[in-house]
Each structure stands twice: as structure tokens, then as C-alpha cells.
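J.: next comes the sequence, and after it the predicted model I'd like to discuss.
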Amino acid sequence: MSDITDFQNFCETQAKHSTDGTRGLRLDAAIRCQHRAEVDGLVIALGQDEVQRIMAAAFAKHPYLTDNQFYESIQGRQALWQKRGQQAAQSTWDAVQYALRTDGLKALAANEQRLRDFSSRQLQDLIGSLSQAKAEEALLRALVEMLPDGPARTG
């Protein structure tokens, strides 16, 4: 029973972190769930239909955002950031920069709370740093969209 609960939790985590409008991330998350079920022996123990039911239930709890929904959520966060003129601690900036450099777009949702503390200048510096590190274009676009004035401020 513990293996099933662990698998359900794993699938929910994968689903939650793949709702950002990037179809490739959603597919990769489903593939990771299927692979985990196979490695853990759940496909043999439960059958493929039950594994798929568990996966579907997890992904249904965290619906896929269309591109428009994703950018609307970013715009909502922008309003929050515009209200906040404070600056995050250097250690926070370093941690977010490392996470995004290491895990790319997948780490964006996990670092939302930290990013809310960033000033516009810190966000611009982060974009510049990740750009020099050859970060994913989708990640850079998402970060640019988070700037209070949008893409025009990066030039």
C-alpha cells in the first residue's frame, strides 16, 4: 500500500510542476510517472489500467495551463512584484539563480515565492546571468514576462 501512496504522491508532484503551458514538460512528467511505475513493479502488481488511472487522477488535480492562462498568471504575479520595491537577500538570489541554472524551467514554479521578493533590478540581473549561462529560451522568456514593464526593460 505504501508503494501506491508513494507513486500517487510522485505523480501529483510531477503533475504540479508541469502545468506551466509547456507541452514538453507535461509529456516528460507523464513519462517519468510511467517509468517510475515500471521500475517499482506497479505495472505488474496493479496492471497498466490502474497505473493509468492513478496518473490521470494526479494530473487532473493539477490541470494543464494553456499559454494564455500561464501568461495571465505571470501578469497577476507582476502586480504583486510591482507593489514590492524591496530587494531579496543575496543568498536568496544565489539560490534561485543556481536552481534555475541547474533545473531550468522546471525550477521556476518551485521558486515562485522567492522570486516575489526580487526587485526589478535583481530580476534583470538574474535574466542576464542565466542568459550568459545559455539557459533555456522558454525560461528566459518567462522571466522577462515577469518584469514590471515586460520585455522592453531588458534592452
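T.: In hand now; what should we look at?

J.: the most centrally placed residue in the chain: what's its closest spatial neighbour, skipping adjacent residues?
T.: Computing the C-alpha centroid of the chain and ranking residues by C-alpha atoms, centre = their mean puts Ala109 first, at 3.5 Å. Counting by C-beta to C-beta, 6 or more residues apart in numbering, His17 is the residue found nearest to Ala109 once chain neighbours are left out, at 5.5 Å. For glycine as for every other residue, the C-beta is placed from the backbone atoms N, C-alpha and C.

J.: need the contact list for that neighbour.
T.: Under the criterion of C-beta atoms under 8 Å, 6 or more residues apart in numbering, the contact partners of His17 comprise Leu25, Ala29, Lys106, Ala109, Ala110.

J.: at 10 Å what do you get?
T.: Under the criterion of C-beta atoms under 10 Å, 6 or more residues apart in numbering, the neighbours of His17 are Leu25, Arg26, Ala29, His62, Asp103, Leu105, Lys106, Ala107, Leu108, Ala109, Ala110.

J.: quick check: can you list the domain ranges of this structure?
T.: Listed domain ranges for the chain are 2-61, 67-148 (source: automatic domain parsing).

J.: can you put those domains in a markdown table and add mean pLDDT?
T.: Rendered in a markdown table, the data for the domains of the chain read as follows (pLDDT from 0 to 100):
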| stretch | mean pLDDT |
| --- | --- |
| domain 2-61 | 87 |
| domain 67-148 | 78 |
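
J.: if we can go back for a sec, relative to Cys11, how far out is the residue nearest to the centre of the chain?
T.: In this structure, Ala109 lies at 16 Å from Cys11, with C-beta to C-beta, to the nearest Å as the measure.
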